[in-house]
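>>> Turn this into a model:
(chains A and B)
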Amino acid sequence: MPGPAFSRPGRRDLLRLAAAAGVAAPLAGAARAQPLRTRARIVIAGAGAAGLTMASKLSRMLEGARITLIGARVAHWYQPGFTMVASGVWPASKVVSATADCVAPGVTWVRADVAAFEPEAKRVVATDGSSHAYDALVVATGCTLEWSRIEGMDPALIGREGIASVYAGPEGAEATWRVLQRFMETGGVALHGRPPTEMKCAGAPLKGALLWDARLREAGTRGRAEIHYFTPLRNLFAVAPVHAKVVELFAARDIAFAYEHTLVAVDPGAKTATYRTPDGPKTLRYDYLHVVPPMAAPKPVRDSALAWQTGPLAADGWVEANRDTLQHPRFPEVFAVGDVAGVPRGKTAASVKAQAPVAAANLVAFLSGSGMDATYNGYTSCPLITRPGRAMLVEFDYEGRLIPTFPFIDPLAEHWVPWVMKDRLLGPIYRAMLHGRI
Amino acid sequence: MDLFAPRALAAILGEMFGALLWIAAVLAVLALALLVVAFRRGVRWRRAVGLAAAFGALVAAGVLAALPGFTNAAHADLSGALDWLAWAAVGIGGGVAAALAVLPILALALGQPGEEPARTLQRGAASSLR
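Numbers count the residues shown, from 1 in each chain, chains lettered A, B, ... in the order given. This next block holds a predicted model:
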């Protein structure tokens, strides 16, 4: 197995940390760039993490611009916390806040979804019938959960018949914890897995399998349970050293796994799940089934000319974007950020944190007619929780290189410190991001 | 943005602690001002330092005991030098901060110049009565 590709902390790193943690903090904000004066009309489609962050950033970087945010969701969900809710660590209330609290001053918020993109006319039509012309567009609609692609599956089943899913919002995460608590008493067969499509937080299903195992051990019922993990891919994680570590963890925890298994049907009455495999369909009985639905770009994106027309990202309609600049190659006034962006990696809140400054800087450069020099390296992060109280802080780029933000943390070692970051620190970082302050 | 940048750190701390951050900052400034006052009055530090150190040690012990639980974890979850160092640093940091916060108050309350000579005089007076 190749050794982990992360750097050990050097003296300079430690000095930088010491300086940063100390007296320098109050000197914040001394060197902010001057905002660009413009009357440009900016439309941001989507009021989730990516849309709110872009609205906050652009409102600080542009003076006089008319920024319109289009998104119907009144409640904002801190989705990185869903696994914490589903494992009984946090209450659901901790992951819900008001979208209104995160909308930057001066931004016009249209409480509707996007009904249609008309990039040729530089216009977006909202579901309330309003039409919004733009000089620059940010597509940040997120993705849709395609439950119907699994025969017999309905999100209303979550919390019943042994069916769980952390992806179905805060209520779904809470229902998952209830199903898990019942399973902890009875034991039986637990099935986990991931979908065949691109997905947000690809580490979440792995965390789920490991966390549920830990909860069963705490309850003393692990001996009565079998845990299986199925993936349509030929690995457990796209980054080789992380894959190897997860294989090691699964072996140590007695979690069975199989490749090239795609969940295609659920029969809640019979409590069976059917998988497509190279050897034909395989139907298994379950007592606990964690469903991760296939994911795709929302229909208005898929139906528009903004979507990839060819290539691996075309099937699910992700927005075509230059992977470095996040600019649309055919519609240069369009930028894509967050889950909907058709780039090889990056459907996490950590990706948004890395993408938003790049897209915002390049959008401002586009408006000012200067060259775009900000680039996104594919950064994404997965605090891979291995049990309540311990995690691995895995961060990597397009090439699958491990690029730890904190050079003193081994990304492939289970520690309490990354858990503390997940439990206490990432939430404030996320909120600072939404407010455009980082 | 670099998370270690001062502006980013200030933003994250602001989100983490909210108004408490500003209250803590005001209290820190107040403690610093009291320290300056204590130095200028030429107080006697010995008892104050001892009591402040004892208080700091008590706070550090409390923080070290409660810290994992505060993070929805247990001491058994700490593993390797990184975790134990972080745990110790937070506990000791908390203890030192607590000691520094109470030190000027204790110094001003217990170490006013003139207290010690007064006691000496009393002891002297008592011995002359014997």
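>>> For residue A:97, give me its contacts.
Contact partners of residue A:97, counting by C-beta atoms under 8 Å, 6 or more residues apart in numbering or on different chains, are A:75-76, A:78. In short, each C-beta sits where N, CA and C put it, glycine included.
>>> Tell me the spacing between residue A:125 and chain B.
The gap separating residue A:125 from chain B is 34 Å, by C-beta to the nearest C-beta, to the nearest Å.
>>> one step back: so which of the contacts of residue A:97 is the closest to residue A:195?
Residue A:195 has its nearest neighbour among the contacts of residue A:97 in residue A:78, at 22.3 Å by C-beta to C-beta.
>>> can you map out the helices along the chain?
If you meant another chain, say so; for now it's chain A. A:11-21, A:49-61, A:82-86, A:169-186, A:204-219, A:240-253, A:299-302, A:349-368, A:416-420, A:426-434 (DSSP state H).
>>> Chain B is the one I meant
Assigned by DSSP H, chain B shows helices spanning B:6-17, B:19-41, B:46-70, B:80-110, B:115-129.
>>> Can you lay out these as CSV showing distance to residue A:160, mean pLDDT and mean neighbour count?
Below are the helices of chain B laid out as CSV (distance: least, C-beta to C-beta, whole Å; pLDDT from 0 to 100; neighbours: other C-beta atoms under 10 Å in any protein chain shown):
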stretch, distance to residue A:160, mean pLDDT, mean neighbour count
helix B:6-17, 37, 93, 20
helix B:19-41, 42, 94, 13
helix B:46-70, 34, 97, 16
helix B:80-110, 40, 96, 17
helix B:115-129, 74, 49, 10
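>>> would JSON lines of the ones you listed with distance to chain A be doable?
Shown next, in JSON lines, are the helices of chain B (distance: least, C-beta to the nearest C-beta, whole Å):
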{"stretch": "helix B:6-17", "distance to chain A": "4"}
{"stretch": "helix B:19-41", "distance to chain A": "8"}
{"stretch": "helix B:46-70", "distance to chain A": "7"}
{"stretch": "helix B:80-110", "distance to chain A": "4"}
{"stretch": "helix B:115-129", "distance to chain A": "36"}
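>>> how many neighbours does the closest residue to residue A:216 other than its chain neighbours have?
Excluding its sequence neighbours, the residue lying closest to residue A:216 (C-beta to C-beta, 6 or more residues apart in numbering or on different chains) is residue A:222, at 4.1 Å. Residues near residue A:222, counting by other C-beta atoms under 10 Å in any protein chain shown, number 19.
>>> Let me know the pLDDT of residue A:222.
Per-residue pLDDT puts residue A:222 at 97.
>>> Could you check how far it is from residue B:76?
Distance, residue A:222 to residue B:76, using C-beta to C-beta, to the nearest Å: 17 Å.
>>> With adjacent residues omitted, what lies nearest to residue 35?
No chain was given, so I picked chain A. Distance criterion C-beta to C-beta, 6+ apart; nearest residue to residue A:35, sequence neighbours excluded, is residue A:63 at 4.2 Å.
>>> Actually, chain B is the one I wanted.
Counting by C-beta to C-beta, 6+ apart, residue B:35 lies nearest to residue B:104, which is 4.4 Å off, once chain neighbours are set aside.
>>> Now do the contacts for that neighbour.
By C-beta under 8 Å, 6+ apart, residue B:104 lies in contact with B:31, B:34-35, B:37-38.
>>> now swap in residue B:98 and tell me
Applying C-beta under 8 Å, 6+ apart, we find residue B:98 in contact with B:55-56, B:59-60.
>>> Let me have the helices of chain A in CSV, adding mean pLDDT as columns.
Shown next, in CSV, are these (pLDDT from 0 to 100):
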stretch, mean pLDDT
helix A:11-21, 43
helix A:49-61, 98
helix A:82-86, 97
helix A:169-186, 97
helix A:204-219, 96
helix A:240-253, 97
helix A:299-302, 98
helix A:349-368, 97
helix A:416-420, 97
helix A:426-434, 97
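>>> Now mean neighbour count too, for those, in TSV please.
Shown next, in TSV, are the helices of chain A (neighbours: other C-beta atoms under 10 Å in any protein chain shown):
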stretch	mean neighbour count
helix A:11-21	12
helix A:49-61	27
helix A:82-86	26
helix A:169-186	20
helix A:204-219	22
helix A:240-253	18
helix A:299-302	20
helix A:349-368	23
helix A:416-420	26
helix A:426-434	23
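>>> For residue A:396, find the nearest of these.
Nearest of those to residue A:396, taken as C-beta to C-beta: helix A:240-253 at 7.6 Å.
>>> my guess is residue B:27 contacts residue B:100, does it?
No. Using C-beta atoms under 8 Å, residue B:27 makes no contact with residue B:100, being 10.8 Å away.
>>> And the residue nearest to residue A:120 when sequence neighbours are not counted, how close does it get to residue A:328?
The shortest distance from residue A:120 to any non-neighbouring residue, by C-beta to C-beta, 6+ apart, is to residue A:305 (6.9 Å). According to C-beta to C-beta, residue A:305 stands 10 Å off from residue A:328.
>>> okay, now residue A:155: neighbour count?
For residue A:155, the number of neighbouring residues by other C-beta under 10 Å comes to 19.
>>> Could you double-check that it lies in contact with residue A:165?
Yes. In this structure, residue A:155 is within contact of residue A:165 by C-beta under 8 Å, at 7.4 Å.
>>> Residues that sit against both of these two, list them.
residue A:172.
>>> Among the contacts of residue A:97, which are located in strands?
Residues of the contacts of residue A:97 located in strands (DSSP state E): A:75-76.
>>> Got a PyMOL select line for the buried ones in the contacts of residue A:97?
Remark: buried members of these, expressed as a PyMOL selection using 16 or more other C-beta atoms under 10 Å in any protein chain shown:
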select buried, chain A and resi 76+78
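>>> Now render the contacts of residue A:97 as a markdown table, adding pLDDT.
Shown next, in a markdown table, are the contacts of residue A:97 (pLDDT from 0 to 100):
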| residue | pLDDT |
| --- | --- |
| A:75 | 98 |
| A:76 | 98 |
| A:78 | 98 |
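>>> Looking at the contacts of residue A:97, spot the one nearest chain B.
The shortest approach to chain B among those belongs to residue A:78, at 12.2 Å (C-beta to the nearest C-beta).
>>> How about the contacts made by the closest one?
Residues in contact with residue A:78 (C-beta under 8 Å, 6+ apart) are A:94-97, A:427, A:430.
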